[in-house]
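A.B. asks: I need the structure of the sequence given here:
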Amino acid sequence: MLWNSTEYTGWGRALKAKADLARPERVSTLKALWKDAKHPAIGKLRSYGDAALVNKGRAIDMTRMNRLIAFDPKTGILEAEAGITIGEIARVFGPQGFLPAVMPGTGFATLGGCIANDVHGKNHHVDGTFGQHVVSVALLGLNGRVRQVSPDKTPDLFKATLAGLGQTGVILSAKIQMIEIGSEVVDVRENRMENLDEFLARLDSSNARFSVGWIDALAQGAALGRGILEEAEIREHATPLSPRPAKSVPINGPSFLMSAPIVRAFNATYIRRVPEEGVQHDRTLDDFFFPLDRVQNWNRLYGKKGFHQFQCVLPADNAARPLREMLSLIAEGKLASPLAVLKRLGPGRAGYLSFPMEGYTLAVDFPNRPRVAALVDRLVEITLNAGGRIYFAKDSLAKGDAVKGMYPERGAFAEIANTADPEHLLTTDLVKRLKLRRPRP
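C.D. replies: Now for the predicted structure:
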């Protein structure tokens, strides 16, 4: 197996790593490599920060191990290798009337990555996290043996592997429970939300299976928290729609593209596209679940320095005040991009380090500028004080001491990960930065 030296980044492009990467195509090749070289496994690099970075080290690129293994239409259980993307699964099985139960915000996320981060989607308040629909995981351990890890037979190892950031071994493949769908058409209703109070009330009262809000992160005063709420259901027996053509960002955007005046003007135009009475329309599965995928390399819009994302979840009974404080700070800082999302989450989670809790999640992108680190530090502090937590798949700036109190099961995770990997061969830059493998205090 050849190792290729390369510089690579997460999707945010703000953090970089120089490492040697190997790209096995089959389990047999990986096992042969594994005898002498045990290193973290990585996927399509769609986590935003350093979750997949191993600076001055080595990593195993799993994207060539992307085969479909088996599917039972009677049970809806799919078995596939870890390197296959969720978008590819949707394209193959959507026409057959099946989808993964949870779809992340990008179709380029791999099956292994969805498990390692226990991702959530626009239906978390109904269907929980991706990991709650994982039947079993084929996990290659440091001893070279492959174990079938499942929530019923190996519950502790399962909970350390789901959202475990690859720290318990290499995910080779998995069996997941798919859901049946009536068509490949999504019925979407969009309504303007005039402020944060209206937004939260509508999210609470929504009966839609899928819901997500775009929020104007530069709005202030009476308009603080204004945005657009999307509520959706998959139609029954609808005629497939023609996909919209993909576009691409060929070069890095200029620095002024994400300046406050331009973002403010874009946001004002974007919110006005939805009439006061709302609008209803049909979308393809890809267009609804993976809207940004239609713009390839959209991360280049932030310029060559990249961007950071802050994403938190706040408990439902204590969210309005800290959300208002966060949005005020973000608006005053004039650093936010047009990409800002507000969603309602349910209690579902599959792993010790799974992000969701019953409450509201706010995600905001910031161009990589010097003032962002201090702003994110303050947002993390507000999150901690409110009893919330941040999402590791999106983080690139938080500090280990700040997140220590956010995940009460971190000690249980660390004990299992340290037992599975006593020499810490599988640690990545994020795991080190946030001290996630520290023993229980």
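A.B. asks: just for the protein, where's the confidence low?
C.D. replies: Scanning the chain for pLDDT under 70 picks out the ranges 1, 440-441.
A.B. asks: any idea where the helices of it begin and end?
C.D. replies: For the chain, the helices defined by DSSP state H occupy 27-34, 86-93, 111-117, 124-127, 155-161, 196-205, 260-272, 285-289, 320-333, 372-385, 400-403, 410-420, 429-433.
A.B. asks: highest average neighbour count across the ones you listed?
C.D. replies: For the helices of the chain, average neighbour numbers computed from mean count of other Cβ atoms under 10 Å are highest in helix 111-117, which has a mean of 30. Where you see a C-beta, it was placed from the backbone N, CA and C, and this is true even at glycine.
A.B. asks: Settle this for me: Phe366 is touching Gly306, isn't it.
C.D. replies: No - the pair Phe366 / Gly306 is not scored as a contact, 10.3 Å apart, by Cβ atoms under 8 Å.
A.B. asks: Tell me which of these two has more neighbours.
C.D. replies: Phe366 (28 against 21; other Cβ atoms under 10 Å).
A.B. asks: list the contacts for the more buried one?
C.D. replies: Neighbour list for Phe366: Phe307, His308, Gln309, Phe310, Leu335, Ala336, Ser337, Val372, Leu375, Val376 [criterion: Cβ atoms under 8 Å, 6 or more residues apart in numbering].
A.B. asks: my guess is the second one meets Tyr48, correct?
C.D. replies: What that stands for is His308. Yes - applying Cβ under 8 Å, one finds His308 in contact with Tyr48, separated by 7.4 Å.
A.B. asks: Need the overlap of contacts for the two.
C.D. replies: Joint contacts of His308 and Tyr48 (Cβ under 8 Å, 6+ apart) are Gly12, Ser396.
A.B. asks: which residues of the stretch 51-200 of the chain fall in strands?
C.D. replies: Ranges of strands within the stretch 51-200 of the chain are 57-61, 68-72, 77-81, 98-100, 134-140, 146-149, 170-180, 185-193, based on DSSP state E, counting those that start in this stretch.
A.B. asks: Measure how buried Glu358 is and give me the count.
C.D. replies: What Glu358 shows, counting by other Cβ under 10 Å, is a neighbour count of 15.
A.B. asks: distance of the nearest residue to it once chain neighbours are set aside from Val126?
C.D. replies: The shortest distance from Glu358 to any non-neighbouring residue, by Cβ to Cβ, 6 or more residues apart in numbering, is to Pro347 (4.5 Å). Distance of Pro347 to Val126, computed by Cβ to Cβ, to the nearest Å: 12 Å.
A.B. asks: what's the answer for Arg189, then?
C.D. replies: 16 Å.
A.B. asks: quick one on the thing from earlier: residues touching the residue nearest to Glu358, list them.
C.D. replies: Counting by Cβ under 8 Å, 6+ apart, Pro347 touches Pro356, Met357, Glu358.
A.B. asks: of those, closest to Val249?
C.D. replies: Pro356 (30.6 Å; Cβ to Cβ).
A.B. asks: beta partners for the closest residue in space to that closest one that isn't next to it in sequence?
C.D. replies: Once flanking residues are discounted, Pro356 sits nearest to Leu345: 4.6 Å by Cβ to Cβ, 6+ apart. Assessed by DSSP bridges, Leu345 has beta-bridge partners Gly359.
A.B. asks: repeat for Ala19
C.D. replies: Beta-bridge partners, per DSSP bridges, of Ala19: Thr6, Gly57.
A.B. asks: Just to check, it is in contact with Val54?
C.D. replies: Yes - contact between Ala19 and Val54 holds when scored by Cβ under 8 Å: they sit 4.9 Å apart.
A.B. asks: Arg26: which of the strands of the stretch 51-200 of the chain is closest?
C.D. replies: Among the strands of the stretch 51-200 of the chain, strand 77-81 comes nearest to Arg26, with 9.4 Å by Cβ to Cβ.
A.B. asks: Show me what the closest one is packed up against.
C.D. replies: When contacts are defined as 3 or more Cβ pairs under 8 Å, 6 or more residues apart in numbering; DSSP states H and E, strand 77-81 packs onto strand 68-72, helix 86-93, strand 170-180.
A.B. asks: could I get the ones you listed as TSV with distance to Ala402?
C.D. replies: Shown next, in TSV, are those (distance: least, Cβ to Cβ, whole Å):
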stretch	distance to Ala402
strand 68-72	41
helix 86-93	31
strand 170-180	28
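A.B. asks: mind checking which of those is nearest Pro254?
C.D. replies: helix 86-93 (29.9 Å).
A.B. asks: Can you list the neighbours in contact with the closest one?
C.D. replies: Contact partners of helix 86-93, identified using Cβ under 8 Å, 6+ apart, comprise 66, 68, 71, 78, 80, 99-100, 103-104, 106-111, 114, 178, 285-286, 289-290, 293.
A.B. asks: Among these, name the buried ones.
C.D. replies: Neighbour-count burial (16 or more other Cβ atoms under 10 Å) is assigned, among the contacts of helix 86-93, to 66, 71, 78, 80, 99-100, 103-104, 106-111, 114, 178, 285-286, 289-290, 293.
A.B. asks: ok, and what's touching stretch 372-383?
C.D. replies: For stretch 372-383, contacts defined as Cβ under 8 Å, 6+ apart pick out 308, 310, 312, 314, 322, 325-326, 329-330, 333, 335, 366, 389-390, 397-399, 402-403, 406.
A.B. asks: C-alpha coordinates for that stretch, PDB please?
C.D. replies: Only the C-alpha atoms of stretch 372-383 are listed here, as PDB (Å, rounded to 0.1, in the frame of the first residue of the first chain):
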ATOM      1  CA  VAL A 372     -14.000  35.400  14.900                       C
ATOM      2  CA  ALA A 373     -12.100  33.400  17.600                       C
ATOM      3  CA  ALA A 374     -13.100  35.800  20.400                       C
ATOM      4  CA  LEU A 375     -16.700  35.900  19.200                       C
ATOM      5  CA  VAL A 376     -16.900  32.100  19.100                       C
ATOM      6  CA  ASP A 377     -15.300  31.900  22.600                       C
ATOM      7  CA  ARG A 378     -18.100  34.000  23.900                       C
ATOM      8  CA  LEU A 379     -20.800  32.000  22.100                       C
ATOM      9  CA  VAL A 380     -19.300  28.800  23.600                       C
ATOM     10  CA  GLU A 381     -19.400  30.300  27.000                       C
ATOM     11  CA  ILE A 382     -23.000  31.200  26.600                       C
ATOM     12  CA  THR A 383     -23.800  27.700  25.500                       C
END
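A.B. asks: Give me the distance between it and the centre of its chain.
C.D. replies: On the basis of Cα atoms, centre = their mean, to the nearest Å, stretch 372-383 sits 20 Å off its chain's mean C-alpha point.
A.B. asks: how near is the residue nearest to Glu358 to Leu323?
C.D. replies: In terms of Cβ to Cβ, Pro347 sits 19 Å off from Leu323.
A.B. asks: what do you get for Pro245?
C.D. replies: For Pro245, the distance to Leu323 - Cβ to Cβ - is 37 Å.
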